[in-house]
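Engineer: Sequence and computational prediction follow.
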Amino acid sequence: MRHTLLLPLCLALAACASPPPEATASPPGGAAAGEPVSAQTLAAHGWRLVEASDASGKRIDALFPKSDAALRFEFADGRLAVGGGCNRMSAAYTFDRGRLSVGPVAQTKMFCGGGALMAADEAIAARLSGPLTVSAQGDAVVLATADGDRLVLHGEARAQP
């Protein structure tokens, strides 16, 4: 008799228990401005640049070399990959308590005739060279440089293996 009462009691308690903290970290989507972003959220999404502005609020045109394609960011296994400019870029990164630090950026050595695509490579590499703060803004994340530049990335969930 005692065992038959314990099972329903255990199930009821388990249903009422709060999920572990990591399970509560949800992907951006209706998040309050400035809400922390987890490393798991960064890795679970493919990101595309949708907005970029300098400290005065002026659009950073160099980061939008093509009107039909945005720069893309992938965070996986401690590596950041950036594509959409002329060259594919990759760097090691660390992420701790909302601070993103990107190591030296390696990139392919394609020549795209100079111009906008190569300027985008230079502009994004420069912004990744210093520490960045990462925060949620609605269904996006914001990477902010120490100089006040803001890169707004929209995430799209990746299929899990």
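Structural biologist: That came through, no problem.
Engineer: So, low pLDDT: which residues of the protein?
Structural biologist: 1-34, 114, 160-161 (pLDDT under 70).
Engineer: Tell me which residue lies nearest the centroid of it.
Structural biologist: When Cα atoms, centre = their mean is applied to the chain, the residue found nearest the centroid is residue 42 (4.4 Å).
Engineer: can you pull out the strands in this protein?
Structural biologist: Taking DSSP state E to define them, one finds strands in the chain at 45-53, 72-76, 79-83, 89-96, 99-102, 106-107, 132-137, 140-145, 150-157.
Engineer: between the ones you listed, which gets nearest to residue 116?
Structural biologist: Residue 116 sits nearest to strand 45-53 of all those, at 13.9 Å, using Cβ to Cβ. All C-beta spots, glycine's among them, are computed from the backbone N, C-alpha and C.
Engineer: I'd like to check the angle between the closest one and strand 72-76, please.
Structural biologist: Going by axes from the mean of the first three to the mean of the last three Cα atoms, to 10 degrees, strand 45-53 is angled at 130 degrees with respect to strand 72-76.
Engineer: Distance from strand 45-53 to the middle of the chain?
Structural biologist: Strand 45-53 has its C-alpha centroid displaced from the chain centroid by 8 Å (Cα atoms, centre = their mean, to the nearest Å).
Engineer: i'd like the first residue to be 35 from this point on
Structural biologist: All right, first residue 35 from here; so that's strand 79-87.
Engineer: helices or strands up against it?
Structural biologist: For strand 79-87, the packing partners by 3 or more Cβ pairs under 8 Å, 6 or more residues apart in numbering; DSSP states H and E come out as strand 106-110, strand 184-191.
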